[in-house]
Structure formats: C-alpha cells, structure tokens
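Engineer: Build me a model from this:
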Amino acid sequence: MAGMAQRELLAGFLRSRREILTPEQLGLKPGPRRRTPGLRREEVAQLSGVSLTWYTWLEQGRDIGVSRQVLDALSHTLQLTPAERRHLFTLAGTAVPAEMPQRLEVNPTLRRLVDTLDPNPAHVVDDCWDLLAANRAYASLVGGLAHLPREERNSIWLLFSRPEMQSLLVDWQREVRDILGQFRIAVGQHPDDPRTTALIETLTRTSASFRALWEKHPVHAFRPTMKRFSHPQAGRLDLNYTKLDVAEAPGQHLVVFMPASDADALALRRLVDESPHEALL
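Structural biologist: Have a look, this model is predicted:
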C-alpha cells in the first residue's frame, strides 16, 4: 500500500465520490432521512463485495492492502470515469490495468496545429504507428500519403513496404530498430489489440526484413534524435526529431521534425513550395 500522504489522498477521494452519489443512481431505495449526503459506507461496501470494516479502514487512510479486483469493484460502484479510475489506481499504488486502445479522431485544434507547422514536417500517430494526420511538409518528405488506402497509412508499414524509404533514410537500419523497439513496448501493453495483431501478421508474412528484426524482440524507449534524409528533390536533410503525447487522447502522439541548420530550413521550404503532395488532415 502507499505511504501515509497518499493513503490520505485516497481516503479523501473515495469519500468525495461516495458523497456525490445518490441511492437512486445505484438502484437503491433512499430509505429514512439521511444525516449526510450521498451513499452510506455500508452501501458502497455491500455493492463492492467487501466488508464494512475493511472499507471504513480504507476511508480512514489505514495501511491495508487492496487488490486490483477490489479497486475495479469500487470504480464500478462509484461510477468513476476512466480518468477517475486511473487516479484511484494511482492513489492506491497499484498499476492501472491496460485498457484496449481506442481509435480516436485527431481533434480539430491539433489538426490545425499540424497544418500550421509547415514547412516543418509534422504528423500524428497512435501507438500502432497509424498515421492519423500529416502536413504537406511531412507528406512531401516521405513521397505522399493521401493516395494510400487507410490501412497502408502506417509508419512501420511504409518503412518495410516502400522501397524508396530505404534510400530516403540514411540510417535506415537504425531507424527501423528504434521504431520497432517503441512498437514492441506498445504491443506489450495491448497484446490483444486487433489492429496491432493484424499489422504484425501482415508484415511477418510479406517482409523478411521485418520478420528478422521482430524475432530479436527489440525494446527501445523514445529519445529525441537527429534523422538524416537523402531526398530525391531536396537533397541531404538533417532534421531534429521529437515526439509529444496528446494529453486528451492517450495513445496519440505529435511528431515534429525541425531543421538542424539554416540550410536545412531553406531546403524544406523549397520542398514544400514545389511539392505536388497534399496534407493528410
């Protein structure tokens, strides 16, 4: 169980959520007049399948153990939102069970941000590395995206299925090891995700390079770095690369490339100005 300060936060959080619920919301009869608002402790305990004494101790900040199953039961009884459920697990010092990733649309404000980052390449991906949005600069950098079927708009798929990506990326071997290392972490968090499973099966069947690297079980956390490109129109480009999590959409990430020099910035501007490729927005 967590330390004293964290146990007090947990106790206060449980009390606050218990007090804002009414018996009617849980299908209970209100009964005689209540001296305090919300549910009684015994009602929460009964609906969650725990003893009144144990739940009382929990609300008193006692140093007691609590399982994931009980936390899930309390989450259900107290009708917690997904964010509140994650907060409950955090306060209890227990790892949050992995949730099946949701394929959320990129919000309009983030789409506008991606667009306004031109001529700096930018795109939004999810944990499966599906490309959800991209500006003209990124589309121009990788040879176009809008014409691709939705299932092929995926960074990992492009790395292994589009031959020109090997000549575009000067350090192709390092790049694929890094991206597969990050992808491997996501797969471990969501092993039953059907989109992830389908992508792995397709690449294993169609790409010997993917199969050989994937069998080595690479695992790498993201780290900002410089990517070197050899572009057929823009020539040599050195771009610093960073990746930011989208707060309101867990699993979405904004990826941005910034020119490493004034010469790279000028080359990017010319590439976008002369490119026929459209943004993916």
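Engineer: from what I can see Leu26 touches Thr77, true?
Structural biologist: Yes - if you go by CB atoms under 8 Å, Leu26 and Thr77 touch, sitting 7.2 Å apart. Placement of C-beta: from N, CA and C, glycine included.
Engineer: Please identify which of those two sits among more neighbours.
Structural biologist: A count of neighbours by other CB atoms under 10 Å puts Thr77 above the other of Leu26 and Thr77, at 21 against 14.
Engineer: Pull up the gap between the more buried one and Ala92, please.
Structural biologist: 15 Å (CB to CB, to the nearest Å).
Engineer: need the contact list for Gln102.
Structural biologist: Gly251 (CB atoms under 8 Å, 6 or more residues apart in numbering).
Engineer: And what about it, helix, strand or coil?
Structural biologist: Three-state secondary structure (criterion: DSSP: H, G, I helix; E, B strand; the rest coil) places Gln102 in coil.
Engineer: Look up how far Cys128 lies from it.
Structural biologist: In terms of CB to CB, Gln102 sits 12 Å off from Cys128.
Engineer: which residues are common contacts for Leu26 and Thr77?
Structural biologist: Leu47.
Engineer: tell me the average confidence for the longest strand that the chain contains?
Structural biologist: The longest strand of the chain (DSSP state E) is strand 235-245. Strand 235-245 comes out with an average pLDDT of 97.
Engineer: For that strand, C-alpha coordinates in CSV please.
Structural biologist: Taking C-alpha atoms only, strand 235-245 is exported to CSV below (Å, rounded to 0.1, in the frame of the first residue of the first chain):
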residue,chain,number,x,y,z
GLY,A,235,18.9,16.5,-51.3
ARG,A,236,20.5,15.9,-47.9
LEU,A,237,18.3,17.0,-45.0
ASP,A,238,19.3,16.8,-41.3
LEU,A,239,16.2,17.1,-39.1
ASN,A,240,15.9,17.1,-35.3
TYR,A,241,13.0,14.9,-34.2
THR,A,242,10.8,15.0,-31.2
LYS,A,243,7.6,13.3,-30.1
LEU,A,244,4.9,14.7,-27.8
ASP,A,245,2.0,12.9,-26.2
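Engineer: List the pairing partners of that strand within its sheet, with orientation.
Structural biologist: Strand 235-245 has the following strand partners under DSSP bridges: strand 225-231 (antiparallel), strand 253-259 (antiparallel).
Engineer: which residues of the stretch 101-250 of the chain score low on pLDDT?
Structural biologist: Scanning the stretch 101-250 of the chain for pLDDT under 70 picks out the ranges 101.
Engineer: buried set for stretch 245-263?
Structural biologist: 246, 249-260 (16 or more other CB atoms under 10 Å).
Engineer: Quick check: end-to-end length of stretch 15-28?
Structural biologist: 19 Å (CA to CA, to the nearest Å).
Engineer: Contacts for stretch 7-25 next, please.
Structural biologist: 1-2, 29-31, 36-39, 41, 43-44, 58-63, 74, 78-80, 84, 87-88, 91-92.
Engineer: filter these to the buried ones?
Structural biologist: Counted by 16+ other CB under 10 Å, the contacts of stretch 7-25 give 1-2, 38-39, 41, 43-44, 58-59, 61, 74, 78, 80, 87-88, 91-92 as buried.
Engineer: Identify the residues contacting Ser207.
Structural biologist: Neighbour list for Ser207: Phe160, Ser161 [criterion: CB under 8 Å, 6+ apart].
Engineer: Quick check: the gap between it and Pro30.
Structural biologist: 63 Å.
Engineer: Then Ser209?
Structural biologist: When Ser209 is compared with Pro30 (using CB to CB), they lie 66 Å apart.
Engineer: Number of residues surrounding Ala279?
Structural biologist: Ala279 has 20 nearby residues by other CB under 10 Å.
Engineer: In CSV, could you pull the C-alpha coordinates for the strand or helix carrying Glu42?
Structural biologist: Element membership for Glu42, per DSSP states H and E: helix 41-48. Only the C-alpha atoms of helix 41-48 are listed here, as CSV (Å, rounded to 0.1, in the frame of the first residue of the first chain):
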residue,chain,number,x,y,z
ARG,A,41,-20.3,3.4,3.7
GLU,A,42,-22.2,0.2,4.2
GLU,A,43,-23.9,0.6,0.8
VAL,A,44,-20.6,1.1,-1.0
ALA,A,45,-19.1,-1.9,0.8
GLN,A,46,-22.1,-4.1,0.0
LEU,A,47,-22.2,-3.2,-3.6
SER,A,48,-18.4,-3.6,-4.0
